[in-house]
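**Student:** Please find the sequence and the predicted model below.
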Amino acid sequence: MQADPATGATDLSVLQPMLALVALHFAVLIRMYLARIGEMNRERVHSEQLRLRADSAKRLRDTRAADHYANLAELPLLFYPAVMLIWLLGFTDPIYLALAWGFFAARLAHAVIHLSVNRVLWRFLTFIFGAGLLAVLWSRLAIQMLNI
């Protein structure tokens, strides 16, 4: 790991975009439950009527937050281990930081679009942009790991 010779501290900066994404995950979780509980109360939907995701889609009008919460378990699943490997192997550098923050920014934009105007083309473009950044990050990491 890269350590400051004077203090012995490791560079934790690459973990910041990961923590920001975790914060986004929890923000969407809170948004999902507030929206769901509010609509269930307004529409008098009992929780037992929502046993399956398909039931929620039939009974509730606005499932954007729940849909997005599920989406946050997709691409980020590949982001978290990559960031941890970068940090553990001491590969943190400005390129990895830019890729990691870029991925977070793409996920944040995707969340804002999905939870507000919900324009499919905009969502798709931000998703593909984030996926591209993640592919570059993993490709670079794989090359570096093979050259150790």
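**Tutor:** Noted; the coordinates are in hand. Numbering: from 1, shown residues only.

**Student:** neighbouring contacts of stretch 134-146?
**Tutor:** For stretch 134-146, contacts defined as C-beta atoms under 8 Å, 6 or more residues apart in numbering pick out 75, 78-79, 82, 85-86, 89, 91, 95-96, 99-100, 103. In this view, the C-beta of every residue, glycine as well, is placed from N, C-alpha and C.

**Student:** Mind doing that once more with 6 Å?
**Tutor:** With contact meaning C-beta atoms under 6 Å, 6 or more residues apart in numbering, stretch 134-146 is reached by Leu78, Ala82, Phe91, Leu99, Phe103.

**Student:** same thing with stretch 38-45?
**Tutor:** Here stretch 38-45 has contacts from Arg59, Leu60, using C-beta under 6 Å, 6+ apart.

**Student:** And that stretch, how far out from the chain middle?
**Tutor:** 28 Å (C-alpha atoms, centre = their mean, to the nearest Å).

**Student:** Same question for it: list its buried residues.
**Tutor:** Across stretch 38-45, burial judged by 16 or more other C-beta atoms under 10 Å covers Glu39, Met40, Val45.

**Student:** quick one: average confidence on it?
**Tutor:** Stretch 38-45 carries an average pLDDT of 75.

**Student:** just stretch 99-110 next, same as before
**Tutor:** Average pLDDT, stretch 99-110: 98.

**Student:** Off-centre distance for it?
**Tutor:** 8 Å.

**Student:** related to what we said a few turns ago, Leu121: which of the buried residues of stretch 38-45 is nearest?
**Tutor:** Proximity of those to Leu121 (C-beta to C-beta) peaks at Glu39, which lies at 26.5 Å.

**Student:** ok, back up a step: name the nearest of the contacts of stretch 134-146 relative to Leu21.
**Tutor:** Minimum distance to Leu21 across these is 7.9 Å, recorded for Phe103 (C-beta to C-beta).

**Student:** how near is that closest one to Phe91?
**Tutor:** For Phe103, the distance to Phe91 equals 16 Å [C-beta to C-beta, to the nearest Å].

**Student:** neighbour-wise, which of those two wins?
**Tutor:** Shown here are Phe103 and Phe91; by other C-beta atoms under 10 Å, Phe103 has more neighbours (27 against 19).

**Student:** my read: the more buried one touches Leu133, true?
**Tutor:** Yes: counting by C-beta atoms under 6 Å, Phe103 does reach Leu133; the two are 4.7 Å apart.
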